[in-house]
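>>> for reference, the sequence and a predicted model appear below.
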Amino acid sequence: MGLCCLLNYLWAILAITAMATIANFFTKKKRDLLGKHVLITGGSSGIGLSVAHEVASRGASVTLVARNVARLEKAQGEVQATVSNVSAGGKVQFFSADLGGSAEQIAAVVRDAEASLGPVYMLVNCAGFARAQKFEDIPPELFKELMDVNYTGAMVVTQAVVRVMKARGEGGAVVFVSSQAGLLGLYGFTAYSASKAALVKAAEALHMELRPHDITVTVCYPPDTDTPGFVEENKGKPVETKLISEAAGLFKPEEVARKLVEDSLNGAFSSTVGFEGFMLTALCAGMGPITDATSFLAQVFLSGLFRFVSFFYLWSFSRIVEREHQKRVASKKSE
């Protein structure tokens, strides 16, 4: 009897979710990027470059912002070749800037970008980096650097763009690339997780502010993604962090970028790929924005089940940490 009730409960959830998905598909007015200006920070490589290709293929004009001029020049040529509709204004430009630098410099870059290609319709904050170290080994300056680049830089760019968006009164979209580590604190990520989690709460507050102006806010939570930044991150990553992170698999930046753009154009607050990302956003939604029926129903009806599943994830993570600890203890004893 209990099993039958559980099965009926699960079938009811699936039926409701399916109906909600269909309702969303037919009732939501999807936006497009044809002839619009998209500004991407961290656009010279990784997820940012893949986002640039994705929006260019949809007819957008693109501004790439990063530090390395050589990479920016290369990226500009690659993205320009992807532009699908030059007659609609599909151009690609770049600006070299340090997002951890002064607010005045960042604001000037936004002004110059808009002077060339018009007001920004979509801002994608991809710039950032990760470092994984044991807490006691983290240099104090790294805490500040991670916050400056991953959080403060994104806030300053967004301020400059949003001021114009609100003044124009024609809507727009703001995207923050956080991380699954911004929802779940993991071994080795005490500094990194904090910087990415800060983006989430800022985005929740900003969503409430911008909603009356028809400006959407989306947070992307990528898992480990096959990018140059990920390769660099792995160089000094503790073995515990590597083993734990592998649980969600390794994704291609094109997958993350495609989903990011789709979710932003649909006005979704959260953007994820893979089961773990979907489960994490449902579990950590709290009082976050409700932007679509499918996510809302998952949060209401599946949170208990997901919390149960999370026990086994956390148990396996703890086993990894304990096992590696015991290996080090044994190694010291044998010396």
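Looks like it arrived, so ask away. Numbering: from 1, shown residues only.
>>> where along this structure do the helices fall?
Using DSSP state H, the helices of the chain run over 2-27, 46-57, 69-80, 103-117, 140-146, 153-168, 190-210, 228-234, 239-245, 253-265, 275-283, 293-334.
>>> pLDDT weak spots in the protein?
Within the chain, the segments meeting pLDDT under 70 span 1-29, 84-89, 335.
>>> sorry, back to before: out of the helices of the chain, which is the most enclosed?
helix 46-57 (a mean of 26; mean count of other CB atoms under 10 Å). The way it works is simple: take the backbone N, C-alpha and C, and place the C-beta from them, glycine included.
>>> re the thing from before, which one of the helices of the chain lies closest to residue 34?
Nearest of the helices of the chain to residue 34, taken as CB to CB: helix 46-57 at 10.4 Å.
>>> report the distance from the closest one to the chain centre.
On the basis of CA atoms, centre = their mean, to the nearest Å, helix 46-57 sits 13 Å off its chain's mean C-alpha point.
>>> can I get stretch 215-222 in PDB, CA atoms only?
C-alpha atoms of stretch 215-222 as PDB (Å, rounded to 0.1, in the frame of the first residue of the first chain):
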ATOM      1  CA  ILE A 215      15.000  43.700 -17.100                       C
ATOM      2  CA  THR A 216      15.600  40.000 -16.200                       C
ATOM      3  CA  VAL A 217      18.300  38.600 -14.100                       C
ATOM      4  CA  THR A 218      19.700  35.100 -14.600                       C
ATOM      5  CA  VAL A 219      22.300  33.200 -12.600                       C
ATOM      6  CA  CYS A 220      24.200  30.400 -14.300                       C
ATOM      7  CA  TYR A 221      25.600  27.500 -12.200                       C
ATOM      8  CA  PRO A 222      28.100  25.600 -14.300                       C
END
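>>> residues contacting that stretch, please?
47, 162, 165-166, 171-180, 182-183, 199-200, 203, 206-207, 210, 251, 256, 259-260, 263-264, 267-273, 277, 280-281, 289, 291 (CB atoms under 8 Å, 6 or more residues apart in numbering).
>>> likewise stretch 300-319?
13, 16, 186, 187, 244, 247, 279, 282, 283, 285.
>>> make it 7 Å
13, 244, 247, 279, 282, 283 (CB atoms under 7 Å, 6 or more residues apart in numbering).
>>> and the two most separated of these?
The two members of the contacts of stretch 300-319 with the most space between them (CB to CB) are 13 and 244, at 29.3 Å.
>>> residues touching residue 90, list them.
With contact taken as CB under 7 Å, 6+ apart, residue 90 is in contact with 56, 59, 60, 61, 83, 84.
>>> can you rerun that using 6 Å?
59, 61, 83 (CB atoms under 6 Å, 6 or more residues apart in numbering).
>>> how much space separates it from residue 80?
Distance, residue 90 to residue 80, using CB to CB, to the nearest Å: 8 Å.
>>> what of residue 67?
Note on residue 67: its distance to residue 80, by CB to CB, is 20 Å.
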